[in-house]
Each structure stands twice: as structure tokens, then as C-alpha cells.
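Asks: Provide a 3D model corresponding to the input given below.
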Amino acid sequence: MQVEEYFRIKNDLGIISCKTTPIDFHKALQIVAIANDKTIYIIDLRTKMTLQRIISHDGSITLLHFVQNSPYLIAGTQQGRVMQYRYDSRSTLSRLCSFTANKPVSAIDSYEEIIASSGYGGEITIIKLYAQRENKRLQKTRVRINAMRFISKHLLIVASADNNVHFYNLKNNHTTKTLSSPIDQISQILPIEHTHFALVAGRSNKLALLDLHEQKFIATNFICFDAPANFVEIVGGKTVVAALQDNSIAKVELSTPKQLQELIDAGKLADGYNLIEKNPILRNTQEHQRLEELYNILYNKTIAAFKTSNNKEVLSFIQSLGEIPTKQDDAQKLLKAFEFFHKFNTAFIEQKYTLAYSLCEKYPALKHTFEYKQMEKRFKKNFSLARKHIQRGKRDVARDILHPYITISSKRALIKLLLHQNDPFLQFLRALQEKDYKTIASLTKEYPVLQEMQNYQEMMQKIETKLITIQESIYDAKIETAIDMIKKLQHATIIKEQLQELYSLALHAQELTILYEQEKFAACYTLLDRYGDELERLNLAILLEQHWSKLMQRCEHMALQGDLKGIKEVLGELIGIKSRSSKIGDILRLSFRTKIEQLLAKKSLKQCEQIIYSYIDIFGADTELKTLMDTYEKLTDKKLAITHNQKLFSPRDAWLDSEFIMGEYQVIA
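Replies: Prediction:
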């Protein structure tokens, strides 16, 4: 358990000092990363042995973050740099990004291969580890970010120092909502497994509960401890464990769906709802849905008893519902509906529909009765019959059929349109039959009441289904089929925006497919980087990115062996992809630095000197190389002769101009 290890490491391990601030536990492996100033230690929790020691050449470490299901460790520095390491190696893999003003990185999180980090002024950078294409940079506020957490690939929650919580939609790079937090100085956002809730911890002895779907706080004092919490974790999805400032450990068991199921099995519906009220994390579980089903059965049984049972039995049912605190409003409405049921039923039998519908509007529970459903069925039948008579030119007959409904407020507008403006109505019916979307859109705009017609609603449901089919066709590379379907819907202005997006997606997917079939793979990746968010769900795009990830992992292993030649052979023309030059450049630099380290270890100093000069010519002199240069100069007791023609600092993609690196291949922009 991480909390217990937190205390044990804090108290027992000799490497811990006053400079130790960042610490991160791997969720799957029994290892922990700890930083002392510029040194990172990877420690086996079982043996307390140090597995790896990594020296940072980019400043003091302020944050550490393991990327799950990968060998990577991300570090944030005091100087605002975000660095990538392997926890099984000492080498720096990449400088993922740098924040301005030489201020520390304040928050890091990851989702699969996507890394989010924040630095000076609340700026947030989103980057993919294997592609490292052009970064997304977000900035809602110029306030420091204290914590961030991915909820899904496209949803990032951010807590700022001004005690606001921001929900970022990474598809459109905008905040969907900003909340004022009941917790001061949030330090952790902890999603609860198999729910849509998260615990929020900060400078407090309380944990708040955040609803991730509704995007709101639903409990400000969900859990309370005896002292403020330094560190909180959720163990096994059901136990909240906290390391408190008084050096104690607190444990709180969360309610589980099993407990709710036991109450359901015992027929204790009121107790079940009370449990959910106290423990909102049980909302929307399968057990909660089953509880709602049982409640609806009881509710409908009560409605049915209006006609078949005596007053005492009905009142007994209503009393049962009233025992459920969250359903007391339902019970009151049922009681009112029961009081007027006899009057409603008499109006129904005597076909006094104006009175019957008026009572249903006033007492909505009556809409659940058999009689109301029969009224609606009769109206639809009569309206359909009246429509047929209108089409035959028999307006008087249609008027007589609909006369009982003409004073019903909810029916009046539609009836008037049929009887007094039947030309547009008949035009609308023809348009529905012929799927004339342009006319349908025009008429519904002029006469909004037409949208209440069942035929129209059924048509809209079919259109929604077609939009899904079009999207799936594009994802499956059935582009021509998708474009044909889009053209058939092109006059449906109500879905104009969705059609434009789908058409754009189809054209770009078509371009990607053609490039792939022509084996122009570098151009494929360039296109993916240009329209990444739009194309990422294409099956072909997924296949290409999976191949790229494997390629980068293979090249990374070669770089750790100093095998530049092997990297160039594996990449081929892909080495020239400008949009991914950051990642490729980092791998090339790593291969050079590894080779220099190998030569220094072998004391092959002449060859080492040549490679250092080559590195400077190609990449410029970065922090990592300067460390190796210092080592070389100490071993040789001579200063490296850097000429005026050799740039110490070069753009990160300057290596693309190197004939030695590029050889026969061209830069692909």
C-alpha cells in the first residue's frame, strides 16, 4: 500500500534528505521513484535496493510521474523542463517541452502515451510520447496549476491555485466547465474505479466528491479525517487510505454495489435509497438501475391500484413510496393524482377530453394511467384519420373528427395547422414521404409544431442512425459509400454542421488511403499530424500509429546501444518527417551520446573527440553533451577546440540539414 510505503520510505531510507520532495509509486510494479535535488533513485519496495540512479542535467527535480504500461518516467524540473527517462536506464531520452520564465513544472499526468504537463503561468502542454508532433498548448488562466488528472483520452481535469477546477475537452482545446472548489489548494484528483466520480484532496482534513459526468461537486465533506492529509490513495477500488500530517494513517471503506444488492435482495428499497443518498458513488451502478426498476414496478402498481383497489390499499402503497426520502415528492404527486382520479376517469369515459387533459397537465402522475395512454392512442388514430380526409378534400369531416380536441392546449397548434393551413401540412407529409430534406427543413423552421409529429421524430431517429453509419463507414475505409450517403442528406440543414465534419473526415481519410496504397508512408504520417484529432479513430490511422510506436521503441533500443547506422536503416525515408523531427532528433542525439559514453569508458579518446565535434556540427551543444565534454576534458586534461563555425546552440530540428544524417532522403513537410 502506497501510503504505508510513503511513511516507511520517509523514515527508513538513508537517501532521503531535506531536499527530497518528489516521489511517485508505480501502480503495477513494486518500485518507487524518489528525487533528491538532481538525482533520481528507482527503488525496489520489497528489497529496499536501489535499482537505478539517474542524474538530471537539466536542473533540480520538482515532480516525478511513471507512465503506466511503459518503461518511462517523466520528470519536471525547477527550470521548467519536462524530461523523459527510462526507469531501467540512466540516459535522458527526450526533453519533451520547456516552460518559460525559468519557473518549476507544477503538474504532470499521463493517459496511455499522452503526457500533460503544466508550468509557469498555468500553461498546459499536451504531447504524445512516440510522435512528439506539434504540441497542444492550453491556457485558461494565468494561475499556477497544482494538480491535473486525465479522465479519458479527451478529458483532462485541472486544479489551479486560485481554487478553481477546470474541465478541458482536448478535442477542441477548450474548457467545458469551471468550478469553484470547496477544497483549498488541491493536490490530488483521484478517480474511483468503475464509477463516474473522483475524490478531491488538498490542504484540508476533508475530501470532496466530484461528479465527472455532471461536472459538479456533489459532496464537500464526503470523507473527514482527524488531521489534514499529505497523501491519499484508493486501494482496491474501495478503501481510501490517507497519510495524515500527524504521522498517522487513516482508512475509510467506501460503500460497494454488493452492499446495495444485499438490501435489494432483502426487499429494503428505502434502505437502498438511503445508502445511495449517503454514498453517491453508487449512483448509476447496475444495482442502482435494478433498484429504480423495482421502484417503477411499485410506482406503476400504485397507479394501477387507483381503479382496482380501495382507498386504504392505495394509501398504503403511497405511504411505502413516501418512506423513501428522495421519492417523497413522487408520493405527494401521487396522492394529489389519486384525489382527482375519479374526476379524470369520469371525463375519460364521457370523452370530455379537454377536462381530462387539463387534469393530466395539473397532476402529471395521471399520465402514467391506462386511461391516459388510451386517450393518446385515440388522438393519434383520429388525427391520422383527419389527415386522410384533408388529403381527399373533406375538411368538414376532418374538423368533426378533431372537434373534441380543439380546446386542448397541447393539441391546438397542430390541429389548427392541419385544418386551416393544410397546404403546408400536406406539403410536409409529401416531403417526409419523398425524403425531401430541404423542404422539411424549410417547413419546420416556419411551423415548429410540425416537429411534434411522430413521422418527423421517426425520420430524425433514422437520420441519427445514418450519421453513425456514415462515420463507421469512414473508419472502415468505405469512403465512397460514406460520401454517397452524405450527398443524399446534403439538404438536411438541421444536420449541416455534422455533415460538413463527416465530409471533411471522408476526404482526408480518402487521401490517407491513397497515400497508403501508393506506399508513401512518410506522407501518411505527415497527413496524420496535420489532421491528427480528426483522423485518429480511422482503422488505418490506428494501424499506422501502432507501427510507429513499435518503430520508435525499436530505434530507442538501438540508440541505447549507440547504433546510429541501425536507426537510419530502420527509419529509411521516415527519418525526414518534419512534423516528427522532435522525437526522431531525440533518438539520434541519444545514439550519439551513448556512443560517446562507450568510447569514454573504453578510453578511445581520439574517436570520442571526433564524435563530439560531429554532434556539435549536427545538433549544437546541449546540456547533456556539455556534461560529456566535461568528462572528456577531465580525462584528457585538454580543452576541446570549438571553432566559430560550430554553433553551440542550434534549433532542435537543425539536424534535418545534415547530409550525414539525411543522406539520400528528403525532408517531408
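
Asks: which residues touch Lys578?
Replies: Thr526, Asp653, Leu656, Val667, Ile668, Ala669 (CB atoms under 8 Å, 6 or more residues apart in numbering). The way it works is simple: take the backbone N, C-alpha and C, and place the C-beta from them, glycine included.

Asks: could you measure the second one against Ser581, distance?
Replies: As judged by CB to CB, to the nearest Å, Asp653 and Ser581 stand 4 Å apart.

Asks: Over to the third one?
Replies: Relative to Ser581, Leu656 is positioned 6 Å away (CB to CB).

Asks: backbone phi and psi for the nearest residue to Ile124 once chain neighbours are set aside, please?
Replies: Leaving aside its chain neighbours, Ile124 sits nearest to Leu138 (4.3 Å; criterion: CB to CB, 6 or more residues apart in numbering). Main-chain dihedrals, Leu138, degrees, to the nearest 10: phi -120, psi 150.

Asks: Touching, Leu138 and Glu123? I think so.
Replies: Yes - with contact defined as CB atoms under 8 Å, Leu138 reaches Glu123; the gap is 7.4 Å.

Asks: okay, Asp653 and Ser581: which has more neighbours?
Replies: Under the neighbour definition other CB atoms under 10 Å, Asp653 and Ser581 were set side by side, and Ser581 has more, 22 against 14.

Asks: Settle this for me: Asn284 is touching His194, isn't it.
Replies: No - counting by CB under 8 Å, Asn284 stays clear of His194, with 10.4 Å between them.

Asks: Those two: who's more crowded?
Replies: Taking neighbours as other CB under 10 Å, Asn284 and His194 compare with Asn284 leading, 16 against 11.

Asks: which stretches of the stretch 401-550 of the chain aren't confidently modelled?
Replies: Along the stretch 401-550 of the chain, no part satisfies pLDDT under 70.

Asks: Least confident secondary structure element in the chain?
Replies: Across the helices and strands of the chain, mean confidence by mean pLDDT, DSSP states H and E is lowest for helix 2-12: a mean of 53.

Asks: Strands along the stretch 151-300 of the chain, start to end?
Replies: Assigned by DSSP state E, counting those that start in this stretch, the strands in the stretch 151-300 of the chain fall at 155-160, 164-169, 174-180, 188-191, 197-201, 206-211, 216-224, 229-235, 239-244, 249-253.

Asks: right, and these - which one's nearest Gly620?
Replies: The closest of those to Gly620 is strand 155-160. By CB to CB, the value is 33.4 Å.

Asks: Can you give the contact residues for the closest one?
Replies: Contacts for strand 155-160 (CB under 8 Å, 6+ apart): 107, 109, 116, 118, 122, 124, 126, 140-141, 143-151, 165-170, 181, 186, 189, 198, 200, 202, 210, 212.

Asks: Mind doing that once more with 6 Å?
Replies: Strand 155-160 is contacted from outside by 116, 141, 143, 145-150, 165-168, 170, 186, 189, using CB atoms under 6 Å, 6 or more residues apart in numbering.

Asks: Among those, name the buried ones.
Replies: Among the contacts of strand 155-160, those classed as buried by 16 or more other CB atoms under 10 Å are 116, 141, 145-150, 165-168, 170, 186, 189.

Asks: First-to-last residue distance for stretch 228-247?
Replies: Stretch 228-247 stretches 10 Å from its first residue to its last (CA to CA, to the nearest Å).

Asks: mind listing the strands for the stretch 1-150 of the chain?
Replies: 20-25, 31-36, 39-44, 50-55, 61-66, 72-77, 81-86, 92-98, 107-111, 114-118, 124-128, 136-138, 145-152.

Asks: Please name every helix or strand in contact with the longest one.
Replies: Spelled out, that is strand 145-152. With contacts taken as 3 or more CB pairs under 6 Å, 6 or more residues apart in numbering; DSSP states H and E, strand 145-152 sits against strand 107-111, strand 155-160, strand 188-191.

Asks: Please identify which of these is closest to Leu551.
Replies: When the helices and strands packed on strand 145-152 are compared by CB to CB, strand 107-111 sits nearest Leu551, at 20.6 Å.

Asks: The closest one pairs with which strands?
Replies: Paired neighbours of strand 107-111 in the sheet (DSSP bridges): strand 114-118 (antiparallel).

Asks: How far off centre is the partner strand?
Replies: The chain centre lies 14 Å from the centre of strand 114-118; the measure is CA atoms, centre = their mean, to the nearest Å.

Asks: tell me the contacts of Leu640?
Replies: Residues counted as contacts of Leu640 (CB under 6 Å, 6+ apart) are Met629.

Asks: For Ala541, see how far away the residue nearest to Glu534 when sequence neighbours are not counted is.
Replies: Nearest residue to Glu534 in three dimensions, chain neighbours excluded: Leu505, at 5.9 Å (CB to CB, 6+ apart). Counting by CB to CB, the gap from Leu505 to Ala541 is 11 Å.

Asks: same check, this time on Cys360
Replies: According to CB to CB, Cys360 stands 52 Å off from Ala541.

Asks: What of Ile318?
Replies: From Ile318 over to Ala541 the distance is 57 Å, taken as CB to CB.

Asks: Give me the more crowded residue out of the two.
Replies: Using other CB under 10 Å as the criterion, Ile318 and Ala541 rank with Ala541 on top: 23 against 20.

Asks: And for Ser504, nearest residue in space, chain neighbours not counted?
Replies: Using CB to CB, 6+ apart and skipping residues adjacent in sequence, the residue nearest Ser504 is Glu534, 7.2 Å away.

Asks: May I see the buried residues of the host helix or strand of the one you found?
Replies: Per DSSP states H and E: Glu534 is located in helix 532-535. Under the neighbour-count criterion of 16+ other CB under 10 Å, helix 532-535 has Gly532, Glu534, Leu535 buried.

Asks: With distance to Ala159 as new columns, can the residues you listed be given to me in JSON lines?
Replies: Output for those, formatted as JSON lines (distance: CB to CB, whole Å):
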{"residue": "Gly532", "distance to Ala159": "27"}
{"residue": "Glu534", "distance to Ala159": "30"}
{"residue": "Leu535", "distance to Ala159": "32"}
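
Asks: now, which of those sits nearest Thr176?
Replies: Distance to Thr176, by CB to CB, is smallest for Glu534 among the buried residues of helix 532-535, at 19.2 Å.

Asks: Any stretches of the chain with poor pLDDT?
Replies: Along the chain, segments meeting pLDDT under 70 span 1-21, 134-135, 140-141, 309, 643-649.

Asks: do that again at 50, thanks
Replies: Where the chain drops to pLDDT under 50, the residues are 7, 10-11, 13-19, 644.

Asks: which residues does the closest residue to Leu156 other than its chain neighbours form a beta bridge with?
Replies: Distances taken as CB to CB, 6+ apart put Tyr168 closest to Leu156, at 4.4 Å, once the chain neighbours are dropped. The partner list for Tyr168 in beta bridges (DSSP bridges) reads Leu156, Thr175.

Asks: separation between the residue nearest to Ile124 and Val158?
Replies: In terms of CB to CB, Leu138 sits 9 Å off from Val158.
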